[in-house]
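Student: Okay, predicted coordinates and the sequence, questions at the end:
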Amino acid sequence: MSRFTRITATTLAGLTAIALLAGCSSDAGGQSGSADGKGKVYYLNFKPESDATWQEIAKEYSAETGVDVRVVTAAQGTYQQTLKSELAKSDAPTLFQINGPVGMRLWKDYLADLSGTEFNKALLDPTMAVGEDDKVYGVPYVVEGYGIIYNKAIMDKYFAMSGAKATSIDEIKDFATLKSVVEDMQSKKDALGIKGVFASTSLKPGEDWRWQTHLADLPVHFEYQDNKVDDMKDLTFSHNQEFKNIFDLYLKNSTIDPSLAPSKAVTDSMAEFALGQAAMVQNGNWAYGQVSEIPGNTVKPEDVKMMPIYTGAKDEKTQGINIGTENFFSVNSKASAADQKASIDFVTWLVTSEKGKKHMVEDLGFITPFNTFTEAEQPTDPLAKEVVRYMSDKELKSVPWVFTTFPSQKFKEDFGAALSQYAVGKMEWNKVVETFVKTWKSEKGA
């Protein structure tokens, strides 16, 4: 799970100073390209674990095209500071990452418009790119998705029962239907051979991110949507009832009593699903390893599926799963025209060529958001396939990851603690809402 680092006023002030210095030191033509006029690529990578792979990719591309590609990798946890330092240099990165709308606002003076690039036009979901005023400043190159993972075999067993509230998963398109099915399944749990419909709700401190971050993404997105914004300093948690709807459904139709939730970890929850003790669990595509590698796992790969997190919001029938990323390619607008073109060509090669695509999927392990990748060229695990399936469905609207705008880790921890108190019956829901609103406001500095 990705985590968001809050941008402080001090950082912003420092970046402003850097931008002024850069503006004074560079000429109108930007940084100089390579001597042969081909341009060069300087890619600043932020994941240390992928450094060796990127170095090999750069070497291969240079050998194939004659274009110099240099990859520098920031040390763990230092990417923003490294980017700040490197962009102030005369030989600055020509290609780098931003983390979404927040990063776009932070680095906007260094972002070239990518709207006309081949890789931007190849996005399966064009709305995932970040930009403004018809310009695109960041193009996602890897995505992840989360929703309600379900065991198709258990669901099919239920659908075949007399009096079932639905006859197939295709009939579950909103919260009302999901609730009806789940509560009926819970009443028939012994006949289904499960301990509960949902795996345990892990509310142990440090293990509650599925709720205080991932589940909270939905009501925050809905409130942003209502206000036609992508961030708010003063949030009212106006869609708290939708959050409560699904959270209560999880708690009341689980393998455990709600009072035990604060003692459960994510691994406990995933083990219950893997062992066939639960029919459903909220998590993302990254969790497949936790399912398949559990000793005694009973769930067949072809039975691991995913559905959207329905909460009772409007237009649910067209809602997809939560798909997003904090990984967007951006090109340095202050680099020379030749270096900008070289950087764009490099990304295009990654997204369109057979060699590049193989590196993206097999070596880097990415679920890619581009229509240039066939189903056979995407990761083969079942949950990755589900993400691609939802992303490719033009009739569904993915729920974007807006949790990157959450104010701080403290906000998440306070909200998670309140949810834990609510689960065990020691806090009323209105107090949970109050905690959310007050902590959001104080941490956002409104």
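Tutor: Thanks, I have the structure now.

Student: Is it correct that V67 is in contact with V41?
Tutor: Yes: between V67 and V41 there is a contact at 6.4 Å, judged by C-beta atoms under 8 Å. The way it works is simple: take the backbone N, C-alpha and C, and place the C-beta from them, glycine included.

Student: who's more crowded, the two?
Tutor: Using other C-beta atoms under 10 Å, the more surrounded residue of V67 and V41 is V41, with 28 against 23.

Student: And the pLDDT for the nearest residue to that one once chain neighbours are set aside?
Tutor: Spatial nearest neighbour of V41, chain neighbours left out: V69 (4.3 Å); criterion: C-beta to C-beta, 6 or more residues apart in numbering. pLDDT, V69: 98.

Student: quick one: Y224 is in a strand?
Tutor: No: counting by DSSP: H, G, I helix; E, B strand; the rest coil, Y224 is not part of a strand but helix.

Student: That one and M232, how far apart?
Tutor: Y224 sits 7 Å away from M232, going by C-beta to C-beta, to the nearest Å.

Student: What are the buried residues along the helix or strand containing Y137?
Tutor: Using DSSP states H and E, Y137 falls within strand 135-140. Of all the residues in strand 135-140, those buried under the rule 16 or more other C-beta atoms under 10 Å are V136, Y137, G138, V139, P140.

Student: need those residues in CSV with pLDDT and distance to D303, can you?
Tutor: What follows is those, written out as CSV (pLDDT from 0 to 100; distance: C-beta to C-beta, whole Å):
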residue, pLDDT, distance to D303
V136, 98, 39
Y137, 98, 41
G138, 98, 36
V139, 98, 34
P140, 96, 29
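
Student: Now distance to Q277 too, for these, in TSV please.
Tutor: As requested, the buried residues of strand 135-140 are arranged in TSV below (distance: C-beta to C-beta, whole Å):
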residue	distance to Q277
V136	46
Y137	46
G138	42
V139	41
P140	36
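
Student: Out of these, which comes closest to F96?
Tutor: G138 (10.0 Å; C-beta to C-beta).

Student: circling back to that earlier point, residues in contact with the residue nearest to V41?
Tutor: V69 sits next to K40, V41, Y43, I57, A58, K59, Y61, S62, F346 when contact means C-beta atoms under 8 Å, 6 or more residues apart in numbering.

Student: circling back to that earlier point, any shared contact partners between V67 and V41?
Tutor: Common neighbours of V67 and V41 (C-beta under 8 Å, 6+ apart) are A342, F346.

Student: show me what contacts A191?
Tutor: Going by C-beta under 8 Å, 6+ apart, A191 touches M161.

Student: Which element is encountered next along the chain beyond the strand or helix carrying it?
Tutor: Assessed by DSSP H and E, A191 sits inside helix 189-192. Using DSSP H and E, the next helix or strand after helix 189-192 towards the C-terminus is strand 196-198.

Student: which secondary structure elements does that following strand contact?
Tutor: Counting contacts by 3 or more C-beta pairs under 8 Å, 6 or more residues apart in numbering; DSSP states H and E, strand 196-198 is packed against helix 175-187, strand 278-284.

Student: For T368, which of these is the nearest?
Tutor: strand 278-284 (16.2 Å).

Student: got any ranges where the stretch 251-400 of the chain has weak pLDDT?
Tutor: The stretch 251-400 of the chain contains no residues with pLDDT under 70.

Student: Show me the domain layout of the chain.
Tutor: Domain ranges of the chain: 9-143+325-373, 145-323+401-444, per automatic domain parsing.

Student: Tell me which of those lies nearest to S392.
Tutor: For S392, the closest of those is domain 9-143+325-373, at 5.5 Å, according to C-beta to C-beta.

Student: Show the backbone phi and psi for the closest residue to A274 other than its chain neighbours.
Tutor: Of all residues not flanking A274 in the chain, I294 sits nearest, at 3.8 Å (C-beta to C-beta, 6+ apart). Main-chain dihedrals, I294, degrees, to the nearest 10: phi -70, psi 130.

Student: Please tell me how far I294 sits from T405.
Tutor: Plainly put, I294 is 34 Å away from T405 if you go by C-beta to C-beta.

Student: who has more neighbours, the two?
Tutor: T405 (20 against 17).

Student: Quick one, grab the pLDDT at the more buried one.
Tutor: What the model reports for T405 is a pLDDT of 89.

Student: ok, now which ones touch it?
Tutor: T405 sits in contact with F4, G100, P101, V102, V220, D230, D231, where contact means C-beta under 8 Å, 6+ apart.

Student: Then P301?
Tutor: Counting by C-beta under 8 Å, 6+ apart, P301 makes contact with S292, D381, P382.

Student: So T53, which state does it fall into?
Tutor: T53 ends up helix, using three-state DSSP.

Student: shouldn't it be in contact with D363?
Tutor: Yes: when contacts are counted by C-beta under 8 Å, T53 is listed as touching D363 (4.9 Å).

Student: Tell me which of those two has more neighbours.
Tutor: Remark: of T53 and D363, T53 carries more neighbours, 17 against 14, as counted by other C-beta under 10 Å.

Student: what ranges do the helices span in the stretch 51-200 of the chain?
Tutor: 51-65, 79-87, 101-107, 118-121, 152-159, 175-187, 189-192 (DSSP state H, counting those that start in this stretch).

Student: Tell me which of the ones you listed sits nearest to A129.
Tutor: That would be, of the helices of the stretch 51-200 of the chain and by C-beta to C-beta, helix 118-121, which comes in at 6.0 Å.

Student: Show me what the closest one is packed against.
Tutor: Judged by 3+ C-beta pairs under 8 Å, 6+ apart, helix 118-121 is in contact with strand 135-140, helix 337-352.

Student: Return the list of strands paired to the first one, each annotated with direction.
Tutor: Strand 135-140 has these partner strands in its sheet, going by DSSP bridges: strand 130-132 (antiparallel), strand 328-331 (antiparallel).

Student: Just name the most buried of these.
Tutor: Looking across those with neighbours counted as mean count of other C-beta atoms under 10 Å, the highest average goes to strand 328-331: a mean of 26.

Student: Include distance to M391 when you put the domains of the chain into a markdown table, please.
Tutor: What follows is the domains of the chain, written out as a markdown table (distance: least, C-beta to C-beta, whole Å):
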| stretch | distance to M391 |
| --- | --- |
| domain 9-143+325-373 | 5 |
| domain 145-323+401-444 | 6 |
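
Student: Out of the ones you listed, the one nearest V387 is which?
Tutor: Closest approach to V387 among the domains of the chain is made by domain 145-323+401-444 (3.7 Å; C-beta to C-beta).

Student: all strands for the stretch 201-350 of the chain, in order.
Tutor: In the stretch 201-350 of the chain, the segments counted as strands under DSSP state E, counting those that start in this stretch are 278-284, 304-307, 319-324, 328-331.
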